[in-house]
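Participant: Got a sequence here, can you build the structure:
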Amino acid sequence: MKLVNSEVKSKLLQRLHRIEGQVRGVESMLEGDRECRDIVQQVTAIQSALLGFRELLLEEYALTCLLPEEDAPLGRREQEQTLREFIHMINKG
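Facilitator: Residues are numbered from 1 along each chain as shown. Sure thing, here's the model as predicted:
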């Protein structure tokens, strides 16, 4: 799958930049001997941000790759295989 929707791609990149900043913040917190409670709270925020990133990415994948294209509809086997791959990806997370 390639991200063709530039708006979604931009949103995903913004989320990744925010997550990157949060991870750097945790690194600074560890180096600065911050309270464990504060670090755990920040890690929880990172997990939540990653889930949001994953949800947006999976939604785009589903809308882009799982819906048959009008000019090249997939056969039953191809549709089934694509859905099985999608389900497998979700279950791994």
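Participant: Kindly state the pLDDT recorded for residue 59?
Facilitator: pLDDT, residue 59: 85.
Participant: residues near it, how many?
Facilitator: The tally of other residues near residue 59 (other C-beta atoms under 10 Å) stands at 11. Using the backbone N, CA and C atoms, a C-beta is placed for each residue, glycine as well.
Participant: buried ones in the helix or strand containing it?
Facilitator: Assigned by DSSP states H and E, residue 59 belongs to helix 36-61. Within helix 36-61, the residues that count as buried by 16 or more other C-beta atoms under 10 Å are 42, 46, 49, 53, 57, 60-61.
Participant: now the most centrally placed residue in the chain: how far from residue 77?
Facilitator: For the chain, the residue nearest the mean C-alpha position is residue 54 (2.1 Å; C-alpha atoms, centre = their mean). Applying C-beta to C-beta, to the nearest Å, the value for residue 54 to residue 77 is 28 Å.
Participant: And residue 6, by the same measure?
Facilitator: 32 Å.
Participant: Give the other helices and strands that the helix holding residue 59 contacts.
Facilitator: helix 6-31, helix 76-92 (3 or more C-beta pairs under 8 Å, 6 or more residues apart in numbering; DSSP states H and E).
Participant: Could you tell me the least trusted of those helices?
Facilitator: Among the helices and strands packed on helix 36-61, helix 76-92 scores lowest, with a mean of 78.
Participant: got the CA positions of that helix in PDB?
Facilitator: Only the C-alpha atoms of helix 76-92 are listed here, as PDB (Å, rounded to 0.1, in the frame of the first residue of the first chain):
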ATOM      1  CA  ARG A  76     -13.400 -13.400  -4.700                       C
ATOM      2  CA  ARG A  77     -10.100 -15.100  -3.800                       C
ATOM      3  CA  GLU A  78      -8.100 -11.800  -4.100                       C
ATOM      4  CA  GLN A  79     -10.600 -10.000  -1.900                       C
ATOM      5  CA  GLU A  80     -10.500 -12.800   0.700                       C
ATOM      6  CA  GLN A  81      -6.700 -12.800   0.800                       C
ATOM      7  CA  THR A  82      -6.600  -9.100   1.200                       C
ATOM      8  CA  LEU A  83      -9.100  -9.200   4.000                       C
ATOM      9  CA  ARG A  84      -7.200 -12.100   5.700                       C
ATOM     10  CA  GLU A  85      -3.900 -10.000   5.500                       C
ATOM     11  CA  PHE A  86      -5.700  -7.000   7.000                       C
ATOM     12  CA  ILE A  87      -7.200  -9.100   9.900                       C
ATOM     13  CA  HIS A  88      -3.800 -10.600  10.500                       C
ATOM     14  CA  MET A  89      -2.200  -7.100  10.800                       C
ATOM     15  CA  ILE A  90      -4.800  -6.000  13.200                       C
ATOM     16  CA  ASN A  91      -4.500  -9.000  15.400                       C
ATOM     17  CA  LYS A  92      -0.700  -8.700  15.600                       C
END
